[in-house]
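Student: show me how the following folds:
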Amino acid sequence: MSLSPEQRREYRAIAHNLKPVIIVGDKGLSDGLQEELERALNDHELIKVKVANQDRDARQEAVNALCEASGAELVQSIGKIAVILRRAKKPNPKLSNLLRHKN
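Tutor: Numbering: from 1, shown residues only. Below you'll find the model as predicted:
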């Protein structure tokens, strides 16, 4: 699922006002974090993730590992914040950031 530049631009605009819902700390990609990521992606589809690590390469590896483990697509990564997307099979109109933005 590769995103076109137009889609990336649209998703970045939607994510601009979002707050990070997942924060990756010192423990890295624990089981609890994976479960919370799954729940957040199922509910919201488009989320922001904050990786609280000082090393740039380690942050990028963590974001790539999150996307790979969850089947999500990286939309944007700036500093410690990454925007990731995974479309839900049956999105909830009250929770989905994509559906709420269209209304």
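Student: skip the chain neighbours and tell me the closest residue to Asp26.
Tutor: Distances taken as Cβ to Cβ, 6 or more residues apart in numbering put Ala52 closest to Asp26, at 7.6 Å, once the chain neighbours are dropped. Yep, even glycine has a C-beta here, placed from its N, CA and C like the rest.
Student: just the strands in this structure please.
Tutor: 20-24, 46-51, 73-78, 81-85 (DSSP state E).
Student: how about those, which one is nearest Ala58?
Tutor: strand 46-51 (8.0 Å; Cβ to Cβ).
Student: direction included, what does the closest one pair against?
Tutor: Strand 46-51 has its sheet partners listed here by DSSP bridges as strand 20-24 (parallel), strand 81-85 (antiparallel).
Student: wait, which of the strands of the chain is closest to Ser4?
Tutor: Nearest to Ser4 among the strands of the chain is strand 73-78; the distance by Cβ to Cβ comes to 11.5 Å.
Student: middle-most residue in this structure, spatially?
Tutor: Ile84 (2.8 Å; Cα atoms, centre = their mean).
Student: show the pLDDT at it.
Tutor: Note for Ile84: predicted pLDDT of 97.
Student: contacts only, for it.
Tutor: Contacts for Ile84 (Cβ atoms under 8 Å, 6 or more residues apart in numbering) come out as Leu41, Leu46, Ile47, Val49, Val63, Leu66, Cys67, Ser70, Ala72, Glu73, Leu74, Val75.
Student: doesn't Asn64 make contact with the fourth one?
Tutor: Just to be clear, that refers to Val49. No - when contacts are counted by Cβ atoms under 8 Å, Val49 is not listed as touching Asn64 (11.6 Å).
Student: tell me which of these two has more neighbours.
Tutor: Higher neighbour count among Val49 and Asn64: Val49, with 24 against 13, using other Cβ atoms under 10 Å.
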